[in-house]
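J.: sequence and predicted model, in that order:
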Amino acid sequence: MSRDIKVVVPALSFAEAPRWRDNRLWFSDFYTHRVLSVRADGSDLRAEAHVPNQPSGLGWLPDGRLLVVSMRDARILRREADGQLTVHAELSPHVAGFANDMVVDAAGRAYVGNFGFDLMGGAPLEPTRLLRVDPDGTVTVAAEDLWFPNGSALLDGRLLLVNETLGNRVSAFDVAADGSLSNWRVWARFADLPADRDMAKIFDGQLVVAPDGGGIDAEDAWWIADAVGGRVLRVREGGAILDEIHPGTGVFACTLGGEDGRTLFICTAPDFHEEARKAAREAQILAVRVEVPGRA
């Protein structure tokens, strides 16, 4: 299918964690240390927060206060009504490598991933844990042995999906009333787990799909950014690929939004290499129309 792909926000360093809220697209721009928001057509770009230690995952408490992952110091920050940021949770005792993306449920519980190892420094891959942060800032280990837990989604507050970017899979957990997770299983499998822990070998053909950030639609299919394939995939449970879009560059996150929920916003960049992205403003957010709207 031919698709009309439009640039919504140009000249970014590395955009991640897109969220549609209050008729605006919210996202983090890693190396300018900003959380930004914009209208669906790219107008009225606003700086919402400045996070010196690099912003990533975004979410909101039930009272509307913004939560943002501060990657390098492994914290979740909370934006108060006056715009000031304060520490919501300290993650560093529980993580290895940078803190990363998260999803926040209707009760204000955040599920947060982390790298698990020094990705940018060339360390070997190590599986890691997913954390749960309760509304009062209490941190609990929610799940173990995940291969780079990244973008996540909640379905009706009862099912948590977690993209394992370096594991060729999406995992699923049942969510109890208290937020605890159980019944781990593979929701979508694209290939076996990598046979090596050396990242050069893993990137040399062992990743078939590297699921990064994504957005669930009204048919419970998941649009997933493939961080090694330069594409976004519409995937259903079991791993069947229903659709794919190739923007012609690297793709690292996406979400559904817009007035009718049928705009797929895609975070793109030539690559994810830190020094290259810091030195340039080549990242963009693109928009493309899709048939099935996002989940209400």
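T.: Here it is on my side, so go on. Given the structure is predicted, the values throughout are model-derived calculations rather than measurements.
J.: show the contacting residues for Glu237.
T.: Glu237 makes contacts with Trp187, Ala188, Asp220, as judged by Cβ atoms under 8 Å, 6 or more residues apart in numbering. (C-beta placed from N, C-alpha, C; glycine too.)
J.: 6 Å - rerun?
T.: When contacts are counted by Cβ atoms under 6 Å, 6 or more residues apart in numbering, Glu237 touches Trp187.
J.: ok, it to Asp220 distance?
T.: For Glu237, the distance to Asp220 equals 7 Å [Cβ to Cβ, to the nearest Å].
J.: Gly157 in helix, strand or coil?
T.: Reduced to three states with DSSP: H, G, I helix; E, B strand; the rest coil, the structure at Gly157 is coil.
J.: tell me the contacts of it?
T.: Contact analysis of Gly157 by Cβ under 6 Å, 6+ apart lists Asp105, Ala106.
J.: how about 8 Å then?
T.: Gly157 makes contact with Asp105, Ala106, Ala107, Val175 under the criterion Cβ under 8 Å, 6+ apart.
J.: and the residues you listed, which are buried?
T.: Burial by neighbour count, 16 or more other Cβ atoms under 10 Å: within those this picks out Asp105, Val175.
J.: switch the contacts of Gly157 over to a markdown table; also include pLDDT, distance to Arg169 and secondary structure.
T.: What follows is the contacts of Gly157, written out as a markdown table (pLDDT from 0 to 100; distance: Cβ to Cβ, whole Å; DSSP: H, G, I helix; E, B strand; the rest coil):
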| residue | pLDDT | distance to Arg169 | secondary structure |
| --- | --- | --- | --- |
| Asp105 | 97 | 22 | coil |
| Ala106 | 96 | 26 | coil |
| Ala107 | 97 | 27 | coil |
| Val175 | 98 | 19 | strand |
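J.: tell me the one of the contacts of Gly157 nearest Thr268?
T.: Asp105 (28.3 Å; Cβ to Cβ).
J.: correct me if wrong: that closest one contacts Gly179.
T.: Yes: the pair Asp105 / Gly179 is scored as a contact, 7.2 Å apart, by Cβ atoms under 8 Å.
J.: ok, now which ones touch Leu264?
T.: By Cβ under 8 Å, 6+ apart, Leu264 lies in contact with Gly215, Trp223, Val232, Ile245, Cys254, Thr255, Leu256, Ala287, Val288, Arg289, Val290.
J.: pairing partners for it in the sheet, please.
T.: In this entry, Leu264 is beta-bridged to Leu256, Val288, by DSSP bridges.
J.: quick one: it from Asp271, how far?
T.: 21 Å.
J.: next: Glu80.
T.: Using Cβ to Cβ, one gets 36 Å for the distance from Glu80 to Asp271.
J.: looking at those two, which is more packed in?
T.: Asp271 (14 against 10; other Cβ atoms under 10 Å).
J.: list the residues that contact the more buried one.
T.: Asp271 is in contact with Gly250, Arg277, counting by Cβ under 8 Å, 6+ apart.
J.: at 6 Å instead, please
T.: Residues in contact with Asp271 (Cβ under 6 Å, 6+ apart) are Gly250.
J.: ok, now which ones touch the nearest residue to Ala280 once chain neighbours are set aside?
T.: Of all residues not flanking Ala280 in the chain, Ser13 sits nearest, at 7.5 Å (Cβ to Cβ, 6 or more residues apart in numbering). In this structure, Ser13 makes contact with Asp29, Phe30, Tyr31, Thr32, Arg277, Ala283, judged by Cβ under 6 Å, 6+ apart.
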